[in-house]
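Chemist: Everything below, folded, please.
(4 chains)
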Protein chains: 4
Amino acid sequence: MSINKDQIQDLNRSGESQHQQQFEFLQEQLEIQGINTESVISKLQALQVAIPSWALGAGGTRFGRFSYGGEPATLEEKINDVGIIHSLTRSAGAISLHIPWDTPEDPEVIRKLAAVHGLTFDAMNSNTFQDQQSQNHSYKYGSLCHTNDLCRQQAIEHNKQVIDIGVSLGSKSLTVWLADGSCFPGQLNFRKALERTMNSLKEIYHYMPADWKLFIEYKPYEPNFYSTVIQDWGTSHLLANECGENAFCLVDLGHHLPNTNIEQIVATLLWKGKLGGFHFNDSKYGDDDLTVGSIKPYQLFLIFNELVNRPDHNPSPAWMIDASHNLKDPLEDLLQSLEAIRLAYAQALLVDQQALEQARISNDVTLAQEILHRSYRADIRPLLSEARLRSGGALYPLDAYRKAAVREKLIERRGLNTVATGL
Amino acid sequence: MSINKDQIQDLNRSGESQHQQQFEFLQEQLEIQGINTESVISKLQALQVAIPSWALGAGGTRFGRFSYGGEPATLEEKINDVGIIHSLTRSAGAISLHIPWDTPEDPEVIRKLAAVHGLTFDAMNSNTFQDQQSQNHSYKYGSLCHTNDLCRQQAIEHNKQVIDIGVSLGSKSLTVWLADGSCFPGQLNFRKALERTMNSLKEIYHYMPADWKLFIEYKPYEPNFYSTVIQDWGTSHLLANECGENAFCLVDLGHHLPNTNIEQIVATLLWKGKLGGFHFNDSKYGDDDLTVGSIKPYQLFLIFNELVNRPDHNPSPAWMIDASHNLKDPLEDLLQSLEAIRLAYAQALLVDQQALEQARISNDVTLAQEILHRSYRADIRPLLSEARLRSGGALYPLDAYRKAAVREKLIERRGLNTVATGL
Amino acid sequence: MSINKDQIQDLNRSGESQHQQQFEFLQEQLEIQGINTESVISKLQALQVAIPSWALGAGGTRFGRFSYGGEPATLEEKINDVGIIHSLTRSAGAISLHIPWDTPEDPEVIRKLAAVHGLTFDAMNSNTFQDQQSQNHSYKYGSLCHTNDLCRQQAIEHNKQVIDIGVSLGSKSLTVWLADGSCFPGQLNFRKALERTMNSLKEIYHYMPADWKLFIEYKPYEPNFYSTVIQDWGTSHLLANECGENAFCLVDLGHHLPNTNIEQIVATLLWKGKLGGFHFNDSKYGDDDLTVGSIKPYQLFLIFNELVNRPDHNPSPAWMIDASHNLKDPLEDLLQSLEAIRLAYAQALLVDQQALEQARISNDVTLAQEILHRSYRADIRPLLSEARLRSGGALYPLDAYRKAAVREKLIERRGLNTVATGL
Amino acid sequence: MSINKDQIQDLNRSGESQHQQQFEFLQEQLEIQGINTESVISKLQALQVAIPSWALGAGGTRFGRFSYGGEPATLEEKINDVGIIHSLTRSAGAISLHIPWDTPEDPEVIRKLAAVHGLTFDAMNSNTFQDQQSQNHSYKYGSLCHTNDLCRQQAIEHNKQVIDIGVSLGSKSLTVWLADGSCFPGQLNFRKALERTMNSLKEIYHYMPADWKLFIEYKPYEPNFYSTVIQDWGTSHLLANECGENAFCLVDLGHHLPNTNIEQIVATLLWKGKLGGFHFNDSKYGDDDLTVGSIKPYQLFLIFNELVNRPDHNPSPAWMIDASHNLKDPLEDLLQSLEAIRLAYAQALLVDQQALEQARISNDVTLAQEILHRSYRADIRPLLSEARLRSGGALYPLDAYRKAAVREKLIERRGLNTVATGL
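Modeler: Just a heads-up that it's a prediction; the model follows:
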């Protein structure tokens, strides 16, 4: 099941003339403000966001899971699904794998399959928060922080294997998210656990090829409910510094305590050259893993307003969606997320940074807000469509997805009750 | 596998003389303060807390579950495990069942089995947050609030069946916890969903026998991450009022937004005569379901300081533990929880309520705090042991549990990889 | 210092033709979607938001206050400032007074002055959270909840006086916000404090003329830091019910615990016909009193999406801004707040409610989100300008305010170091 | 007004025999557990906590302030009040000054006065969050982060002066708490603001004498409500590293987002040798500045359980109370705070650290909790009294304070309406 260019052109046809009219009007309006529309469009075309392999099936909670028909059961099917999204949007040109859920039998075959869909392999993800049947030591009480040397070593070896697999696929980075922590006061020696984690990470870091990056994720709680070893960006930053210059912090938008100013964290990490990547999603309460932009779209815009000002000494971060689709069709959810990311990015590109900086220097707080709102309140959806159109994608991906009856066809092919490997 | 009185006496023997010395010293000290130790002890003996059938096996999170050896696989084994806890503590004289996980094949047999262990059946719990294989309509988008009449009716019927089962077991109440809500803005018509829920609850309420109580639980989020139909005590209270005088609010300590003053909610509900029951647990972040008293023991004491002042027009609430044991031996976790509840209760019983009220009237804020701290800082563990001893329980239940090698015996009998029905 | 229509016309001139072009394009686009632009415009023209008298000068925190030049020192000057805002926006046609800060010497004179500016008197506000030099009993330990009858009676009498003043000015409602609460566990008998508060409110309620409304505000904390007597909507709702049919709940956006779903509270109160009024502001952490729409504009839109669906049995709520301007020019801050309110209102008016309801019925979660985003992402600023233009206001109020050098003229007239009465 | 040793002996007399009995029983019980009571007592005697000069009068909120009779109006009177507390407790042997509120006219005189009371000068505190009449540049938009060089320089100079004053008084450290931040998105360039702050701090750091320490405080919000330049420990740690080895992080218990695991932060800073000092207080919602131990006493114990395990490479931290007494008599509040600190410290000293470490190594989560609870639930008030008695303090400081009618005498001497310099 795939969508080819002809199909997309057919689907676009009915909307094109109205789009053209909207785009031209917007272009005119932006030009009056001195904005170079072409530059924005080409930046939008360049933005590629990785899709995690585990987000292609329905997610669940500890209270259960309601499956979605036509879920991909194999790595091949997952790649296929990302291919569909990429065909429609031309902005999902990478996939992020999770080992052992996505261990390829023959990497070369998988690599070629991805290439057919125009996909590359983004950051590899290791898993030391669940036990696999074959393993000797349980991760119940931790992995890289475990008190038992053998368990720690097992977790380190697993990460090395993930790197090996990644190398075989052409990936260039490893994301380490650790569930390690404790559920009760007293359970963990905080300092020793952090020290053991540091030493484990260093061993993994030094195993990586020289052109690889290590992304260290942080999270305040869940699945441990009293403490998490890497609880915040400060801890992640400290560990990245200890590892070396190719180690970076990874920001997952849902991994913060209530009311955290995330955009400031992003700015601080950029300043130190240590922002490695992003896991996009949205949340109201905790790590809710909701569709990007569905709860706090203005916050997302503010984050992108930092990102478009990235200093040269911080390498271009890895973009990835990390969401869990408990209710929506996973592919529809991802299409909405991609659109929200592109919208926030484009809005940030419209901001008159010089005027903003001038307002800051003169402490004109009212004006600074006006400058941000001027871009945020603008309707730049025609820009997003235009960029997509030029790249061969759909004018309106979600409409196209529904008109092309993709889900129905996937169900037809795969059945109603398939379950994706992984969660 | 059970623990009989002789075993317990044997286990108590070594600690008795030291206990006696500690108890006598404490009694003396309390008498100086004018506290009637005997009255406190008899109240402690009377306190019985229900154990939920689903808390006897290992819990898990959406990231996985690490099972615990010797978990009970059947309702009979669950009753057996509660029996062990009750033998040791003499304060867990009831079990709270969850349907369909614990549907008894022959209620009479189950009732007799419970009686052998000295157990009664506390509130019944219905389940409309998961789909069962046999059901026609999915609860993915809600149950008592569902837009589809047939789905709603199915959920109502399920609750009626739970009442029927409860009647056959001698239970006198039904707890309704609804996962109903939404994950995204726009998904739900808040008002209509609440109205449908109200109507569904009324139908269930009117089906109950006249001597039954309906407990309506509230929760701000999870497993839905944008809205929950019964999001707070205010909504629960409103629904309980609509249903009638036998409908009450149920307070689960983990079901509140950050920083909520729960003890004030308890006081307000008592004032209105609408506090029906309690789900005890503890939490740092959300509905963490940790051991009672493991995170915020002082808050627990403050809650009990409201409860010991219950006005007559509020019936005696149902006490239940509702926790999830992801790491600890479930039975040990429950033993610690029971001890924490009894400790907080006893501390509250020690509070000089007259002096406290006097300090309040004269706005002596310093003194009011001193009066609370005087009781909270006292070491009244000997009182707890004495109450247990007199009731035939263990001086130190956790020590006894370990010395009697209960878990080892359970594993021997049931194996390492049993899984409890339910979560 | 005032701005007359000729001035405004002059200020509008340069932007008119561009506005006309934008408005026409937008109108065309909306018509394609079946939206009646004229209806939206007339609703926007009708929306009038009250300005609180205490928001016209610089606010402060417990750490100090940085004053703003040209602040109004008298009630007359405050009315003048609201007049300026109303001239520019035609949507601030009311002022909300705070007694004793704004006690008029001659109500008739004040009433006429307001009429000259086209202003009416919205809800009156009483103050029992500060001590006045003349008073006999301190509110340090509470007012309507105080343990001392005389203090409580004094607070009740104050509220009655505020009603009397309101009557003389043509106001039709009283807002009661109580700081009453406690800073430490034990300090307050929760139940008795709530009961005393209820009785005090009833006395005030029954003193009101029959065509008045009582608005009962709630707040979780500050200035008391352990408990607040009216801590949430549930408590406010309970008290409003006890008082009678002219008593309502008042929602201040900043008065909620972290992560509260406020739009659902709004929906619930509308359902029960008990939503009396709104205090608009924005916040990231607590009761931050920031410019409306500056932090969570999407949440504001979601709230308005409930409000535009108000059922007939809930009377039209009172709209008021309640913010504190610590850094910005207070008048500029209010202009930005008004625009944010109107924007959210207009966006909500654009929502295709029928399609949304249909998506809900069929549980099409993706589509429900799309429908909301379709309106939220539209750029409807030309609609706001058009509505203002037709009402005789400024196309771009903030630009006009700056071009007309209002602040400079106020400073010239009033000086740099005036301090507004009140906070 | 002071309390001499004879008075204290008189006040102690009536309670001594009962104390002796309690202490002996406790000692016996602890010995059975292998605890060396004498060692604990001598550590308790050694613990000295600094009292901040601004905590001796009533605090307030942005809604007002209710003054307390007999407040100290001068630096001399503040020293006197700390002297009273120290006489009673023998554990408040230092005072922490705030400049310009406490600028001494003649440092030598002040130093001698402090010595008479047995007090030393702990960390000096600078103030760049308020404007003083004499200053040229306003701190409205920041101080060490200000966009204006002259304003920044002024703030740096102020800090240098504070160091100079500190040197003249024998202080050895400077605490910098910055209110610098922003109230609205867009207002501040996060990166540049942090860079300017870093450079300013470096200049202050290098001005310090070689034996001084710089304490860098962090806080997420208030008085700025969108961002704070030093928002968390990670930022403070980063700045301390940039400054040098004599720069440290300062932890104020109230300066964290909801649900933060503070004890883990403490452990991490100790691990890195960067924990410089503590501001003790308690809170339920934000920076509530309540009496230490009044809300979350178990959290305080857990923090001390980290502190008693301080590694040698982290110097002994500075202990200070930082609270605001809105309702209670400030001196009574401080007496309660001191007792709570000593209690938590003593409880932590009782913890069997070896057994705890063993439980951690074997992942015996239940046992780890038991070990902590064993100490936390013990009643060790007799130890605190004994330590105080041996140091010449009062058995029961609060009782002694009231019996000696200290407040009445202060009011008699100073009047009812004095206001302390400062807030």
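Chemist: make it CA atoms for all contacts and neighbour counts henceforth
Modeler: OK.
Chemist: Which strand residues bridge residue A:319?
Modeler: residue A:278 (DSSP bridges).
Chemist: could you measure it against residue A:380, distance?
Modeler: Distance of residue A:319 to residue A:380, computed by Cα to Cα, to the nearest Å: 21 Å.
Chemist: now residue A:160
Modeler: 44 Å.
Chemist: Mind checking which of the two has more residues around it?
Modeler: Relative neighbour count places residue A:380 above the other of residue A:160 and residue A:380, with 23 against 20, counting by other Cα atoms under 10 Å in any protein chain shown.
Chemist: what residues are up against that one?
Modeler: A:26, A:343, A:346-347 (Cα atoms under 8 Å, 6 or more residues apart in numbering or on different chains).
Chemist: change it to 10 Å
Modeler: Applying Cα atoms under 10 Å, 6 or more residues apart in numbering or on different chains to residue A:380 gives the contacts A:22-23, A:26-27, A:30, A:343-344, A:346-347, A:350, C:377-379.
Chemist: Equivalent analysis for residue A:131, please.
Modeler: Residue A:131 neighbours (Cα under 10 Å, 6+ apart): A:137-140, B:64-66.
Chemist: change it to 7 Å
Modeler: Counting by Cα atoms under 7 Å, 6 or more residues apart in numbering or on different chains, residue A:131 makes contact with A:138-139.
Chemist: secondary structure class for it?
Modeler: coil (DSSP: H, G, I helix; E, B strand; the rest coil).
Chemist: How much space separates it from residue A:220?
Modeler: 22 Å.
Chemist: Next SSE downstream of the helix or strand bottoming out on mean pLDDT in chain A?
Modeler: None of the helices or strands of chain A scores lower by mean pLDDT, DSSP states H and E than strand A:64-65, at a mean of 92. Using DSSP states H and E, the next helix or strand after strand A:64-65 towards the C-terminus is helix A:75-89.
Chemist: so what secondary structure elements neighbour that following helix?
Modeler: With contacts taken as 3 or more Cα pairs under 7 Å, 6 or more residues apart in numbering or on different chains; DSSP states H and E, helix A:75-89 sits against no other helix or strand.
Chemist: Not counting whichever helix or strand comes after that helix itself, show me its contacts.
Modeler: Downstream of helix A:75-89, the next assigned helix or strand under DSSP H and E is strand A:94-96. Applying Cα under 7 Å, 6+ apart, the external contacts of strand A:94-96 come out as A:49-53, A:119-124.
Chemist: Dump those residues into CSV; add neighbour count as well.
Modeler: Output for the contacts of strand A:94-96, formatted as CSV (neighbours: other Cα atoms under 10 Å in any protein chain shown):
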residue, neighbour count
A:49, 25
A:50, 26
A:51, 30
A:52, 23
A:53, 26
A:119, 21
A:120, 19
A:121, 22
A:122, 26
A:123, 30
A:124, 27
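Chemist: where along chain A do the strands fall?
Modeler: A:50-52, A:60-61, A:64-65, A:94-96, A:120-121, A:124-125, A:173-176, A:181-182, A:213-217, A:227-228, A:247-252, A:275-280, A:318-321 (DSSP state E).
Chemist: What number of residues are in the vicinity of the residue in the stretch 1-150 of chain A that chain C sits nearest to?
Modeler: Residue of the stretch 1-150 of chain A nearest chain C, by Cα to the nearest Cα: residue A:25 (8.3 Å). The tally of other residues near residue A:25 (other Cα under 10 Å) stands at 16.
Chemist: Same question for residue A:135.
Modeler: Neighbours of residue A:135 (other Cα under 10 Å): 11.
Chemist: Residue A:33 now?
Modeler: 11.
Chemist: Distance-wise, check it relative to residue B:5.
Modeler: From residue A:33 to residue B:5 the distance is 86 Å (Cα to Cα).
Chemist: need the residues of the stretch 251-400 of chain A near chain B, please.
Modeler: Residues of the stretch 251-400 of chain A found near chain B, taking Cα under 7 Å from any Cα of the partner chain as the criterion, are A:284-285, A:288, A:294.
Chemist: swap in the stretch 1-150 of chain A?
Modeler: A:60-64, A:66, A:130, A:140.
Chemist: Which two of these have the greatest separation?
Modeler: Distance extremes for the residues of the stretch 1-150 of chain A next to chain B: the farthest pair is A:66 and A:140 at 26.1 Å, using Cα to Cα.
Chemist: circling back: any idea which of the residues of the stretch 251-400 of chain A next to chain B is the one closest to residue A:395?
Modeler: residue A:294 (20.9 Å).
Chemist: Please work out how many residues are found near that closest one.
Modeler: Residue A:294, neighbours per other Cα under 10 Å, totals 23.
Chemist: Who's the closest spatial neighbour of it, skipping the chain neighbours?
Modeler: Closest residue to residue A:294 apart from its sequence neighbours, by Cα to Cα, 6 or more residues apart in numbering or on different chains: residue A:282 at 6.4 Å.
Chemist: contacting residues for that neighbour?
Modeler: A:253-254, A:288-296.
Chemist: give me that answer again for 10 Å
Modeler: Counting by Cα under 10 Å, 6+ apart, residue A:282 touches A:252-254, A:288-297, A:299-300, A:322-323, A:337.
Chemist: picking that back up, so which of the contacts of residue A:380 are also by chain D?
Modeler: Counting by Cα under 10 Å from any Cα of the partner chain, nothing from those sits close to chain D.
Chemist: Report the two of these separated the most.
Modeler: A:22 and A:344 (19.2 Å).
Chemist: For stretch A:330-343, buried residues please.
Modeler: A:330-343 (16 or more other Cα atoms under 10 Å in any protein chain shown).
Chemist: try stretch A:22-34
Modeler: A:22-23, A:25-27, A:30.
Chemist: okay, the closest residue to residue A:285 other than its chain neighbours: pLDDT?
Modeler: Nearest residue to residue A:285 in three dimensions, chain neighbours excluded: residue C:259, at 5.9 Å (Cα to Cα, 6+ apart). Listed pLDDT for residue C:259 reads 98.
Chemist: Isn't residue C:259 up against residue A:258?
Modeler: Yes. The criterion here is Cα atoms under 10 Å, and residue C:259 meets it with residue A:258 at 7.3 Å.
Chemist: so what sits against both of the two?
Modeler: A:284-286, B:258, C:285.
Chemist: Would you check which pair of those residues lies furthest apart?
Modeler: Applying Cα to Cα across the shared contacts of residue C:259 and residue A:258, the maximum distance is between A:286 and C:285, 15.7 Å.
Chemist: For the stretch 151-300 of chain A, which segments count as helices?
Modeler: A:190-207, A:233-243, A:262-271, A:297-307 (DSSP state H, counting those that start in this stretch).
Chemist: chain center to the second one: distance?
Modeler: Counting by Cα atoms, centre = their mean, to the nearest Å, helix A:233-243 is centred 20 Å from the centre of its parent chain.
Chemist: and the closest residue to residue A:56 other than its chain neighbours, how far is that from chain D?
Modeler: Excluding the flanking residues, the one nearest residue A:56 by Cα to Cα, 6+ apart is residue A:330, at 5.5 Å. Noted for residue A:330: a distance of 32 Å to chain D, by Cα to the nearest Cα, to the nearest Å.
Chemist: show me the residues around residue A:330 that make contact.
Modeler: A:55-59, A:68, A:71, A:81, A:291, A:323-324, A:336, A:407 are the contacts of residue A:330 under Cα under 10 Å, 6+ apart.
Chemist: just the residues you listed now: which is nearest residue A:245?
Modeler: residue A:323 (28.8 Å).
Chemist: Great, nothing more from me.
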